[in-house]
Structure formats: C-alpha cells, structure tokens
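*Asks:* I'd like to go over a predicted model; first the sequence, then the structure.
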Amino acid sequence: MKKLNIALASLLLLGSVQVATAAEPTLYDQLGGDAGVTKIIDGMVGHVAADTRINSFFANANIPRLKKLLVEQVCAGAGGPCTYKGQDMVAAHKGMKINSAQFNALVEDLQKSLADNNVDIGAGNKLLAMLAPMKTDVDNK
C-alpha cells in the first residue's frame, strides 16, 4: 500500500507541474524586430547605392518608398506583424532585364548588411532562404 501511495503522490505531483516550453522566436524576432529589419534594409540600400554593378537600376527609384516596401516584405515574410503592400516580384521587375549576376550582386549587398549588423549566421541564412525563391520572378534577362 505504501508503494501505491508513493506512486499516486508522484503522479499527482507530476500532473501539477507545468512544463514551460519557450516557442522558438520567429525569424522577424531573430533579425531584431522592426528596428533590426529596418537597419538591415537601410544598410543593404546603402551598399546597393555604392555598387556600380546594380546601382543604375535604382537611379530613378523613390528610395524612401523602396525601403518601406522592403522592410514590409521582409517583416511579413519573416513572421512579423507587417503586411506587404507592394507589387508582386514579377510585376515590380517587369522589363528591367535583370540577370543572375545582377540578382547575385544584390544578394551580396544584403549579406554585407547582415554582417555589418552582426546578424546571427543562422538567421541570415534563413532570410536568404526566404528570399531565394524570388530569384525566378526577378531574374528576367
């Protein structure tokens, strides 16, 4: 009977213990939330401005609007509270004749910004993986 009481007490005790499990932070959180995403995009746009391989594509762009839309796009795609209100990638890049080398130059500029902002390599890789499927929509030779 004593063993049964110990077993019953153990079950009751275990049943009353709640296991706390922390949900894995979203990519948005890993990137630093709105402030972090904004810094990453600002840095990337700065690198693009200095990148003679691709800066001509942005010569006539409304840069504040572009930054806003890029922040929305990354925020929404990374699990943040934002809604992307811009065009889809095919429409936004139609007729631009962007090739793989130019797309890759933009990715390099993003990677520089990730490094500049000390973004964890795992989070940076998740962001790049999230954006990679857009290549086929942007790369329209």
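*Replies:* Structure received. As the structure is a computational prediction, the values presented were derived from the model and not from experiment.
*Asks:* if I look at the residue nearest the centre of the chain, how far off is Gly95?
*Replies:* The residue lying closest to the centre of the chain (C-alpha atoms, centre = their mean) is Leu127, at 4.0 Å. Computed as C-beta to C-beta, to the nearest Å, the Leu127 to Gly95 distance reads 27 Å. For every residue, glycine as well, the C-beta is placed using N, CA and C.
*Asks:* do the same with Val45
*Replies:* From Val45 over to Gly95 (counting by C-beta to C-beta), the distance is 22 Å.
*Asks:* cool, and Thr83?
*Replies:* 26 Å.
*Asks:* what's the spacing between Arg53 and Asp88?
*Replies:* Between Arg53 and Asp88 the distance is 25 Å, computed by C-beta to C-beta.
*Asks:* Toward the C-terminus, what is the element adjacent to the helix or strand bottoming out on mean pLDDT in the chain?
*Replies:* For the chain, scoring each helix and strand by mean pLDDT, DSSP states H and E identifies helix 2-16 as the least confident one, at a mean of 48. Using DSSP states H and E, the helix or strand that follows helix 2-16 towards the C-terminus is helix 27-30.
*Asks:* Alpha carbons only: can I get that following helix in CSV?
*Replies:* The C-alpha atoms that make up helix 27-30 are tabulated as CSV, following Å, rounded to 0.1, in the frame of the first residue of the first chain:
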residue,chain,number,x,y,z
LEU,A,27,12.9,35.0,-38.0
TYR,A,28,11.5,38.5,-37.5
ASP,A,29,12.4,38.4,-33.9
GLN,A,30,15.8,36.9,-34.7
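*Asks:* now for the next helix or strand after it, which elements pack on it?
*Replies:* Scanning forward in sequence from helix 27-30, with DSSP H and E defining helices and strands, the next element found is helix 33-50. Helix 33-50 makes packing contacts with helix 63-77, helix 100-116 when contacts are defined by 3 or more C-beta pairs under 8 Å, 6 or more residues apart in numbering; DSSP states H and E.
*Asks:* Okay, angle between helix 33-50 and helix 63-77 too, please.
*Replies:* If you take axes from the mean of the first three to the mean of the last three C-alpha atoms, to 10 degrees, helix 33-50 sits at 130 degrees to helix 63-77.
*Asks:* residues in contact with helix 33-50?
*Replies:* Taking contacts as C-beta atoms under 8 Å, 6 or more residues apart in numbering, the residues outside helix 33-50 that touch it are 28, 31-32, 54-55, 58, 63, 66-67, 70-71, 74-75, 78, 80, 106, 109-110, 112-114, 116-117, 119.
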